[in-house]
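In: Structural data only, the sequence is not supplied:
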Ligand SMILES: Nc1ncnc2c1ncn2[C@@H]1O[C@H](COP(=O)(O)OP(=O)(O)OP(=O)(O)O)[C@@H](O)[C@H]1O
């Protein structure tokens, strides 16, 4: 079982989570328009026409009311009843159809928008630098994927509707009101600019609180992911209560920020209501006095008031749009932060494919640091001759995995170069480089898919016979046939439905299927029991035959068989040679051999040689 390390979401929560970027609302709106809306201009135009019709039919209602009051109730013109009734039916039908079309088109634009964003985010993540991915908890990225992008969709759809429909309605109704009575209209609308200024503060608050609340939601997501992933450790150490408390505190913090946003949003609607209400009261007062004096017809008054009442909802929605827009903008700056990620690991333009001849892997004076000023490898020189096996040995943290990472170009050396058959790997295409290398790690990675798909993962299309041949060579065929659906059995999340040895043999079958000439191994038998190990060992021998192998070795038997042993310490190559030579030399390897591979046992069983009094030897007993 792999041990689980937990990140402290509480401490991370207090700093920025690395996803937030500083974009202004104008930048974001322009960008969303350019990248997401303009390419779908056709649908946007249909939506705009539908919204225009909705707004126009709304604007027709006050006129119809005016006609009813003046011609039917006051002038008693009987024929007008039929016309007005037919008019209302006609207006309602058009409004109804237009609303349907507007809803569907805007809905499509919104959901298409979120789908585009997610595709682009996923593409970025798939190609992002490992160092960046490793620095951000997967739960946070997941939250960005699901929550943040959804919030942008809501804001974008809402903005489209508000811009297209509410603003149109406002324009048409204001025009109607001015047409009916300009002076009253001015009274009603007089207070609007004051409301707009008042809402400014809320808008800023909204963006800040949303940004914080999304960060907290990301933390929560990180917490849930790591608790589930490490559930066995959580149980074994009886940490359920503590994890529960951590989750509750993350949830409460998210709630606190969400409530700040909710309060800011809640304020925007009543303030606009109060301001419009004042204008409204003023208009009724003047219209009433005019009506009493007989200067205003009932129809005129009713038509005008209907327009004033109808303008309320779109006015409110235009006012609150601003606050919701800020929510969307806070989320958008996080999502675009991911989409805009610059990858450091770049291919040279038109990089040629790697031309494999013998399969010789060379480290030429390689220096590397994950963090500036802290070199992890220093001036490493090593040649893995074609078809030979080189065992990397050294204490924990000496840089063994880093050497493997560099050969795959997960990172680039800060000095020196790595070549394959004389070609610098940073000059060839990354795809061709990785095509020529198979990687088998100590902790095999399986995907929740069929056994067959897992074996063929990353290679040519699945070929039934070759998949079976690879599984047979990896001593996996027999157990696969015993699974409920044989090669079609799904292996569960991260292959949890299989044992460690079975997972490992599938990973080896994958490497055999890939048939790459260079093999990088983090010795896959070290965490297995002896029975499983014997089977995996057999599979490994078949895999290694005829290939160039660089292996992080944990077992004495492997080291003894290697063509060359490379002993690393603090990122430097201390010694190279064969087992016998190095033991005879009496240097670091000899001490390592004495402690790490203690007589008659493997690393896993060995006790540190504390009695030898050699602190370095004790420190070397790492595995
Ligand atoms: N992504 C990373 N960012 C920063 N430092 C790292 C990163 N990965 C490894 N290191 C550091 O680089 C050093 C070398 O690590 P590396 O994993 O190569 O050692 P190793 O010899 O493979 O160790 P082990 O045998 O324990 O797996 C260590 O000090 C480690 O803490």
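Out: Thanks, I have the structure now. None of these values were measured; they are calculated from a predicted model. Residues are numbered from 1 along each chain as shown.
In: C-alpha only now, for contacts and for neighbours.
Out: Fine.
In: Chain neighbours aside, what residue packs nearest to the residue nearest in space to the middle of the chain?
Out: By CA atoms, centre = their mean, the chain has its centre lying nearest to residue 141, at 3.8 Å. Nearest residue to residue 141, sequence neighbours excluded (CA to CA, 6 or more residues apart in numbering): residue 218, at 7.4 Å.
In: So which residues of the stretch 301-450 of the chain form strands?
Out: For the stretch 301-450 of the chain, strands defined by DSSP state E, counting those that start in this stretch occupy the ranges 361-371, 374-384, 389-393, 415-420, 423-424, 437-440.
In: tell me the most buried of these?
Out: strand 389-393 (a mean of 27; mean count of other CA atoms under 10 Å).
In: helices and strands around the helix or strand hosting residue 41, which ones?
Out: According to DSSP states H and E, residue 41 maps onto helix 41-67. For helix 41-67, the elements it packs on are helix 79-127, helix 167-180, helix 298-310, judged by 3 or more CA pairs under 8 Å, 6 or more residues apart in numbering; DSSP states H and E.
In: Nearest to the ligand, out of those helices?
Out: For the helices and strands packed on helix 41-67, proximity to the ligand was assessed by CA to the nearest ligand atom; helix 79-127 is nearest, at 16.2 Å.
In: could you give me the average pLDDT of the following helix or strand past the closest one?
Out: Where DSSP H and E defines the elements, the next helix or strand beyond helix 79-127 is helix 130-135. Here helix 130-135 scores 78 as its mean pLDDT.
In: what's the helix or strand just after helix 130-135 packed up against?
Out: Once helix 130-135 ends, the next helix or strand along the chain (criterion: DSSP H and E) is helix 138-143. Helix 138-143 sits against helix 192-229, with contacts defined as 3+ CA pairs under 8 Å, 6+ apart.
In: and the following helix or strand past the helix it packs on, which residues are buried?
Out: Proceeding N to C from helix 192-229, the next assigned helix or strand is helix 231-236, under DSSP H and E. Residues 233-234 are the ones in helix 231-236 that count as buried (16 or more other CA atoms under 10 Å).
In: SS state for residue 22?
Out: coil (DSSP: H, G, I helix; E, B strand; the rest coil).
In: how much space between it and residue 215?
Out: 15 Å (CA to CA, to the nearest Å).
In: the more surrounded of these two?
Out: residue 215 (29 against 10; other CA atoms under 10 Å).
In: residues touching the residue nearest to residue 141, list them.
Out: By CA atoms under 8 Å, 6 or more residues apart in numbering, residue 218 lies in contact with 139-144.
In: Looking at those, spot the one nearest residue 316.
Out: Comparing these against residue 316 with CA to CA places residue 144 closest, at 30.0 Å.
In: Now the closest one: closest residue in space that isn't a chain neighbour?
Out: Using CA to CA, 6+ apart, the nearest residue to residue 144 is residue 335, at 6.5 Å.
In: Direction included, what does the helix or strand where residue 549 lies pair against?
Out: Element membership for residue 549 (DSSP H and E) is strand 548-552. Applying DSSP bridges, strand 548-552 is found paired with strand 389-393 (parallel), strand 518-522 (parallel).
In: quick one, what contacts residue 487?
Out: By CA under 8 Å, 6+ apart, residue 487 lies in contact with 450-452, 480-481.
In: so what does the biggest helix by length in the chain touch, helix or strand wise?
Out: Longest helix in the chain by number of residues (criterion: DSSP state H): helix 240-292. Under the contact definition 3+ CA pairs under 8 Å, 6+ apart, helix 240-292 sits against helix 182-189, helix 192-229, helix 298-310, helix 312-339.
In: Which of the helices and strands packed on helix 41-67 has the lowest mean pLDDT?
Out: helix 298-310 (a mean of 80).
In: what's the angle from it to helix 240-292?
Out: Angle, helix 298-310 to helix 240-292, by axes from the mean of the first three to the mean of the last three CA atoms, to 10 degrees: 160 degrees.
In: Provide the contact partners of helix 298-310 at residue level.
Out: Residues outside helix 298-310 that contact it (CA under 8 Å, 6+ apart): 58-59, 61-70, 173-174, 176-177, 180-181, 188, 280, 287, 291.
In: For the stretch 351-500 of the chain, what lies in contact range of the ligand?
Out: Residues of the stretch 351-500 of the chain lying close to the ligand by CA under 6 Å from any ligand atom are 370, 376, 396-402.
In: Quick one: name the residues of this structure near the ligand.
Out: So far as CA under 6 Å from any ligand atom goes, the chain lies against the ligand at 131, 370, 376, 396-402.
In: quick one: which of the residues you listed is most hemmed in?
Out: Ranking the residues of the chain next to the ligand using other CA under 10 Å puts residue 400 first, with 26 neighbours.
In: Tell me the spacing between it and residue 390.
Out: Distance of residue 400 to residue 390, given as CA to CA: 12 Å.
In: pLDDT at residue 375, what is it?
Out: On the pLDDT scale, residue 375 is placed at 91.
In: Enumerate the beta-bridge partners assigned to it.
Out: Counting by DSSP bridges, residue 375 forms beta bridges with residue 369.
In: For residue 215, give its distance to residue 300.
Out: Distance of residue 215 to residue 300, given as CA to CA: 54 Å.
In: what are the pairing partners of whichever strand or helix holds residue 568, and which direction each?
Out: In this structure, residue 568 is located in strand 564-569 according to DSSP H and E. Strand 564-569 has the following sheet partners, assigned by DSSP bridges: strand 389-393 (parallel), strand 572-577 (antiparallel).
In: what helices or strands is the one helix or strand residue 541 maps to leaning on?
Out: Per DSSP H and E, residue 541 falls inside helix 530-544. Counting contacts by 3+ CA pairs under 8 Å, 6+ apart, helix 530-544 packs against helix 464-473, helix 500-514.
In: angle of the longest helix of the chain against helix 182-189?
Out: If you take the same axes, to 10 degrees, helix 240-292 sits at 160 degrees to helix 182-189.
In: burial count for residue 263?
Out: Close neighbours of residue 263, defined as other CA under 10 Å, add up to 14.
In: I am finished for the moment; much appreciated.
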